[in-house]
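**Q** The sequence and its predicted three-dimensional model are supplied below.
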Amino acid sequence: MSAFVQQLLVLIVAAVAAMIWLGINALVWVYCERKFAGHIQRRPGPFEVGPHGALQPLIDGLKLMGKQLLTPDNADAILYWLAPILSMLPVLLLFLPIPYGPVLTGMDVNLGLLLILAFSSFNGLAVLLAGWSSNNKWGLLGAARAVSQTVAYEIPLLLVVLAVTFMTGTLSLTEITNMQAGHIGNWFIWKQPLAFLIFLVAMFGETNRAPFDLAEAESELTAGFHTEYSSMGFGLFFMAEYGYMVVMCSVCSVLFLGGYHGPFPGVDGWWWMLLKTFALLSFMVWVRWTYPRVRFDQLLNINWKWLLPLATFNLLATALILKL
Amino acid sequence: MNTFRKHVIQPIIDCWSLIVGLKITGKYFCKPLITVHYPREVIDSENLSTYGGHVELIGKPKDPATPKCISCMMCVTNCPSGCLTVVKSKAPKPTADQEAAWKAAEEAGEKVEKPKAPKNPAKFIYDYTKCSLCGTCIENCPAKSLRFSNNIYWVATSRAEMKIDLLARLKGQAAEVSAPAHAPKSEASAPAEKEA
């Protein structure tokens, strides 16, 4: 078998695995989020379908699939239906370069980090298309908010990632993980604590999650950019949102928490990666059900007046220390 | 220096409130749930007693099947939604003998004492579809004959069922109190059946 065919097979298997992984994550995290929210408010969350409501997300998915696909009057039909697909497809690609285990990497690209950052910005475009093409004032407002938000929060995110890559000298996620091997002291969170914090905040901004969920602010914009979407059109946006969350948390654990490396030598494995990612995801859910939504000017002020200067300072300091 | 403190130092110090918030929700996450899973569990009597359901009549202490109500119509007058209908009782219709006797007495110049109408209402209909549970009827009742019920599990499947005959309900409750052995657990379902 030629190397090309072999590579192609690996890629196909990886893409299918990424799809399955995405589907499972969406189901599990929709359930976990609702349970988490319930328990924080001292109620049980979904409880009736399956043991402790475990089948609820599955049933919700079936319900969504069974619904009618509606295109609103005067909507731009092509763009309208392109948007959810455009939101969903890049997510599958994003899972490929993430090293989940020593051998569990879909596609070991030496520009993996760049690939993830580049393709994750597709979501902004998809949201803009969705909001604009649905011919709805809420949708348009949500889209405008989403774009100014994601564009703004991308800058500190990139600067922070740049600071880490200054240290590693590579954009390959596998190599970045390997540089943190050994014990917990080698994790980059100790060398770049400020970068970790900025990444964490920017992560919420990038994924449009509460307290930065201005794009879909229920109380003001009904559902923001996906107001008009029914059935799986909405379902795809929903899945993509959870997909981006998982990707962002995975990247965070690779960059700062040592990826699949355990806290002490000799226990490396995919389970560490999974544990760290899920811990970060739980943190995101926890934050969502703790803080109220910020106002839009506050959102941009946090970014332009705090995150951006801090990220720049962090980058310069990293460069200076490395030079010395 | 002061502006620096206000705009740079203070926000950083204020970030502590983020941790405080997370601590609060985290604490609540670990506390036991307080939801009652209705079909499998029922609400305990302590919580039931604080529940304010629809309006109901209070019986006389010695005769629980008859309301304390004196048909003064204060509740009907004060109800902002007009959901109460009270019909006063009429005096018992005199028989032919009685009428003849009264006539004779009047002709003889004696003072006739015709029987007065009883104070109890003949009908007490409560339209729950209109009620906003404001409690004005309860506040204005001079005989203290109205209160909010604890009827938490009450269900109606049609508009007609939402019109509750409160007198019948009171009778049902009195019968249940006098013979509690027949209705062991659910005070809730028994009156609902009677109303239906």
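**A** Yep, that arrived. Numbering: from 1, shown residues only, chains lettered A, B, ... in the order given.
**Q** Helix or strand: which one has residue 113?
**A** If you meant another chain, say so; for now it's chain A. Using DSSP states H and E, A:Leu113 maps to helix A:112-120.
**Q** before we move on, what about B:Cys134?
**A** Using DSSP H and E, B:Cys134 is not contained in any helix or strand.
**Q** is it true that it touches B:Asn78?
**A** No: if you go by CB atoms under 8 Å, B:Cys134 and B:Asn78 don't touch, sitting 9.6 Å apart. C-beta coordinates here come from the backbone N, C-alpha and C atoms, glycine included.
**Q** Now do the buried residues in the longest strand along chain B.
**A** Using DSSP state E, we find that the single longest strand of chain B is strand B:121-127. Within strand B:121-127, the residues that count as buried by 16 or more other CB atoms under 10 Å in any protein chain shown are B:Pro121, B:Phe124, B:Ile125, B:Tyr126, B:Asp127.
**Q** Which residue is the nearest non-sequential neighbour of the last one?
**A** Counting by CB to CB, 6 or more residues apart in numbering or on different chains, B:Asp127 lies nearest to B:Cys83, which is 4.3 Å off, once chain neighbours are set aside.
**Q** When B:Cys134 and B:Asn78 are compared, which one has more neighbours?
**A** Neighbours around B:Cys134 and B:Asn78, counted as other CB atoms under 10 Å in any protein chain shown, are more numerous at B:Asn78. The numbers are 15 against 12.
**Q** residues contacting the more buried one?
**A** By CB atoms under 8 Å, 6 or more residues apart in numbering or on different chains, the contact list for B:Asn78 reads B:Thr136, B:Cys137, B:Asn140.
**Q** Check A:Val247 too.
**A** So A:Val247 contacts A:Val91, A:Leu94, A:Phe95, A:Ile98, A:Ile116, A:Ser120 (CB under 8 Å, 6+ apart).
**Q** who in the stretch 151-300 of chain A is up against chain B?
**A** A:Trp286, A:Val287, A:Trp289, A:Thr290, A:Tyr291 (CB under 8 Å from any CB of the partner chain).
**Q** just those residues now: which is nearest chain B?
**A** Taking CB to the nearest CB as the measure, chain B lies nearest A:Thr290 of these, at 4.4 Å.
**Q** strand partners of the longest strand of chain B, parallel vs antiparallel please.
**A** Its sheet considered, strand B:121-127 pairs with strand B:84-88 (antiparallel), strand B:163-165 (antiparallel) by DSSP bridges.
**Q** Check these for me and report the most buried one.
**A** Of all these, strand B:163-165 carries the top mean neighbour count, a mean of 19, counting by mean count of other CB atoms under 10 Å in any protein chain shown.
**Q** which parts of the helix or strand just after the longest strand of chain B are buried?
**A** Where DSSP H and E defines the elements, the next helix or strand beyond strand B:121-127 is helix B:136-140. Buried residues in helix B:136-140, counted by 16+ other CB under 10 Å: B:Thr136, B:Cys137, B:Ile138.
**Q** again with stretch B:4-22
**A** Using 16+ other CB under 10 Å as the test for burial, stretch B:4-22 gives no buried residues.
**Q** do the same with stretch A:147-160
**A** Buried, per 16+ other CB under 10 Å, within stretch A:147-160: A:147-150, A:152-160.
**Q** do stretch B:53-73 as well
**A** Neighbour counts using 16+ other CB under 10 Å place B:53-59, B:64, B:66-72 of stretch B:53-73 among the buried residues.
**Q** neighbouring contacts of that stretch?
**A** With CB under 8 Å, 6+ apart as the criterion, stretch B:53-73 contacts B:84, B:86, B:88-89, B:119-121, B:124, B:126, B:128, B:131, B:133, B:137-138, B:141-152, B:154, B:164, B:166-167, B:169-171, B:173-175, B:177-178.
**Q** Just the buried residues of stretch B:53-73: which are in strands?
**A** The members of these that map onto strands under DSSP E are B:Val55, B:Glu56, B:Leu57.
**Q** okay if I get these as CSV plus pLDDT?
**A** Shown next, in CSV, are these (pLDDT from 0 to 100):
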residue, pLDDT
B:Val55, 88
B:Glu56, 87
B:Leu57, 87
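**Q** Check the gap between the residue nearest the centre of chain B and chain A for me.
**A** Taking CA atoms, centre = their mean, the centroid of chain B lies closest to B:Val55, which sits 2.1 Å from it. Remark: distance between B:Val55 and chain A (CB to the nearest CB, to the nearest Å) = 29 Å.
**Q** For that residue, give its distance to B:Lys103.
**A** Distance check for B:Val55 against B:Lys103: by CB to CB, to the nearest Å, it reads 45 Å.
**Q** helices and strands of chain B: which one has the lowest mean pLDDT?
**A** Lowest mean confidence among the helices and strands of chain B (mean pLDDT, DSSP states H and E): helix B:189-195, at a mean of 44.
**Q** And for chain A?
**A** Using mean pLDDT, DSSP H and E, the weakest-scoring helix or strand in chain A turns out to be helix A:218-221, at a mean of 75.
**Q** next helix or strand past that helix?
**A** For helix A:218-221, the following helix or strand on the C-terminal side (DSSP H and E) is helix A:231-256.
**Q** Any buried residues in that next one, and which?
**A** Here helix A:231-256 shows A:232-256 as buried, counting by 16+ other CB under 10 Å.
**Q** Stretch A:17-35 now?
**A** By neighbour count on 16+ other CB under 10 Å, the buried set for stretch A:17-35 is A:18, A:21-22, A:25-35.
**Q** Regarding chain A, what is its longest helix?
**A** Longest helix in chain A by number of residues (criterion: DSSP state H): helix A:3-40.
**Q** make that chain B, sorry
**A** Max-length helix for chain B by DSSP H is helix B:16-30.
**Q** any idea which element B:Glu106 lies in?
**A** Assigned by DSSP H and E, B:Glu106 falls within helix B:96-107.
**Q** now that helix: mean pLDDT?
**A** The pLDDT scores in helix B:96-107 average 82.
**Q** just stretch A:288-308 next, same as before
**A** Mean predicted lDDT for stretch A:288-308 stands at 88.
**Q** Repeat that for stretch A:201-215.
**A** Across stretch A:201-215, the average pLDDT comes to 84.
**Q** Likewise for stretch A:248-263?
**A** Mean pLDDT, taken over the full extent of stretch A:248-263, equals 86.
**Q** Can I get that stretch as PDB, trimmed to CA atoms?
**A** Extracted in PDB, the C-alpha atoms of stretch A:248-263 (Å, rounded to 0.1, in the frame of the first residue of the first chain):
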ATOM      1  CA  MET A 248     -10.900  25.400  23.200                       C
ATOM      2  CA  CYS A 249     -10.600  23.400  26.400                       C
ATOM      3  CA  SER A 250      -8.500  20.800  24.700                       C
ATOM      4  CA  VAL A 251      -6.100  23.500  23.300                       C
ATOM      5  CA  CYS A 252      -6.000  25.100  26.800                       C
ATOM      6  CA  SER A 253      -5.000  21.900  28.400                       C
ATOM      7  CA  VAL A 254      -2.400  21.200  25.700                       C
ATOM      8  CA  LEU A 255      -0.900  24.700  26.000                       C
ATOM      9  CA  PHE A 256      -0.900  25.200  29.700                       C
ATOM     10  CA  LEU A 257      -1.800  21.900  31.500                       C
ATOM     11  CA  GLY A 258       0.600  19.500  29.900                       C
ATOM     12  CA  GLY A 259      -1.800  17.700  27.600                       C
ATOM     13  CA  TYR A 260      -1.800  14.000  28.000                       C
ATOM     14  CA  HIS A 261       1.100  14.100  30.500                       C
ATOM     15  CA  GLY A 262       0.300  13.200  34.100                       C
ATOM     16  CA  PRO A 263       1.200  15.400  37.100                       C
END
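**Q** How far away from the center of its chain is that stretch?
**A** With CA atoms, centre = their mean, to the nearest Å as the basis, stretch A:248-263 stands 14 Å off its chain's centre.
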